[in-house]
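J.: Next comes the sequence, and after it the predicted model I'd like to discuss.
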Amino acid sequence: MSTPAVSAASAASDTPAVPIAPALIAVTGATGRIGGAVATLLHERGASLRLLLRDPSRTPRWARDAPSVEVAVAQYDDGEAARTALAGVDVLLMVSASESADRLLQHRTFIDAAAAAG
């Protein structure tokens, strides 16, 4: 059985692709520039994704009807919602939140929730 592959290098590069093991990958910031680019690339390579969004109405178009994409609602400062959203996730890409006075506390809350989710 072949596995989808992901490469950080461009398609024109000679860098070999890194295979993705069957896993559920959660991505935060999927409506932003960095998280969105990573989520799109992973989706194009066949990864199973769970996009963690603050506002589900902003789900990227490509993800709305994709069978391999789930959407969960969570914010960095809501530990309970984050634990629920991260349950069953194998890999997490957490893209840093925008600047705010309580960003460090938000990140700590989210990381604690990720650890609690397993």
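T.: Yep, that arrived.

J.: The spatially most central residue of the chain and Asp102, how far apart?
T.: When CA atoms, centre = their mean is applied to the chain, the residue found nearest the centroid is Val27 (0.8 Å). Val27 is 23 Å from Asp102, where distance means CB to CB, to the nearest Å. Glycine gets a C-beta too; all of them are placed from N, C-alpha and C.

J.: Could you list the residues in contact with stretch 85-96?
T.: For stretch 85-96, contacts defined as CB atoms under 8 Å, 6 or more residues apart in numbering pick out 23-29, 32, 34-35, 38, 50, 52, 72-74, 103, 107, 110-111, 113-114, 117-118.

J.: which stretches of the protein have low pLDDT?
T.: 1-21 (pLDDT under 70).

J.: And the strands in it, which stretches?
T.: 5-6, 18-19, 24-28, 48-53, 69-73, 91-93 (DSSP state E).

J.: Within its sheet, name the partner strands of the fourth one and how each one runs.
T.: Sheet pairing here is set by DSSP bridges, and for strand 48-53 it gives strand 24-28 (parallel), strand 69-73 (parallel).

J.: Pull the distance from that strand to the chain's centre.
T.: Averaging C-alpha positions (CA atoms, centre = their mean, to the nearest Å) puts strand 48-53 5 Å from its chain's average.

J.: For it, could you pull out the residues that count as buried?
T.: Using 16 or more other CB atoms under 10 Å as the test for burial, strand 48-53 gives 48-53.
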